[in-house]
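**Q** A predicted structure for the sequence below; I have some questions about it.
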Amino acid sequence: MNLGDLSLLTNFASNLAVLVSLLFLGLQVRQGNRNQRSLMQQGRSGRNVDLLARLSEPSLANLMSRAAGNEELTDAEYYQLYGYMTSVFWSYEDCFLQFRAGMLDAQSWSSDNATLKRLLANPVYRAVWKAARGALGEEYRNFVDGLASESRPSAQISMANVLRQYIAEERQAR
């Protein structure tokens, strides 16, 4: 083996090492992307669970019940209602932006989209949206405005009544 052959062999080994390094880097980037998406999904789930858990607080549960029953609210209760429902819209804005950036999968966004449509059929959520929309990003605001125009307000549904009915049906099914 002469010096030229040794140089070719060394060059080949060097090129092979670069190729293996690039393949390994590609796998790391792919795994990093999966991990990032997983973290985004965890954050989304955490926010949704937190929002739902807040509904178990007696003052908010009572307020939501009273708002669904078309009862008159105090000024402080309107602020509480606004604060809670606006946080729901901000949470979905984050999901909207993550989906647009490719960080949230289509199935998760489809679920969020369906929830937004359902919320926007509720007159109280629609009213809060009108009050809060100016504080949210233009692209998201236009998106939700579009959903609101597609979703017609319907009679408010009492979650307590829905659960009463479903529990009664399940008990009868025994």
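**A** Alright, I've got the coordinates.
**Q** pull the longest helix from the protein.
**A** helix 3-54 (DSSP state H).
**Q** Which strands or helices does it pack on?
**A** Secondary-structure packing of helix 3-54 (3 or more CB pairs under 8 Å, 6 or more residues apart in numbering; DSSP states H and E): helix 75-100, helix 106-119. Heads up, the C-betas are built off the backbone N, CA and C, glycines and all.
**Q** How far does it sit from its chain's centre?
**A** From the chain centre to the centre of helix 3-54 is a distance of 26 Å (CA atoms, centre = their mean, to the nearest Å).
**Q** Okay, Ala148 and Lys117: tell me how far apart.
**A** 9 Å (CB to CB, to the nearest Å).
**Q** Go through the helices and strands packed on helix 3-54 and name the closest to Ala173.
**A** Between Ala173 and the helices and strands packed on helix 3-54, the shortest gap by CB to CB is with helix 106-119, which sits at 25.5 Å.
**Q** what comes up buried for the next helix or strand after that closest one?
**A** Along the chain past helix 106-119, the next helix or strand (assigned with DSSP states H and E) turns out to be helix 123-132. Of the residues in helix 123-132, those buried by neighbour count under the rule 16 or more other CB atoms under 10 Å are Val124, Tyr125, Arg126, Ala127, Val128, Trp129, Ala132.
**Q** tell me the angle of the helix or strand of the chain with the lowest mean pLDDT relative to helix 106-119?
**A** The helix or strand of the chain with the lowest confidence, counting by mean pLDDT, DSSP states H and E, is helix 3-54 at a mean of 83. Angle of helix 3-54 versus helix 106-119, following axes from the mean of the first three to the mean of the last three CA atoms, to 10 degrees, is 20 degrees.
**Q** elements contacting the helix or strand that comes right after helix 3-54?
**A** On the C-terminal side of helix 3-54, the nearest following helix or strand under DSSP H and E is helix 58-68. On a contact count with 3+ CB pairs under 8 Å, 6+ apart, helix 58-68 meets helix 75-100, helix 159-172.
**Q** Nearest the geometric middle of this protein, what residue?
**A** Taking CA atoms, centre = their mean as the criterion, Cys95 is the residue nearest the geometric centre of the chain, at 4.1 Å.
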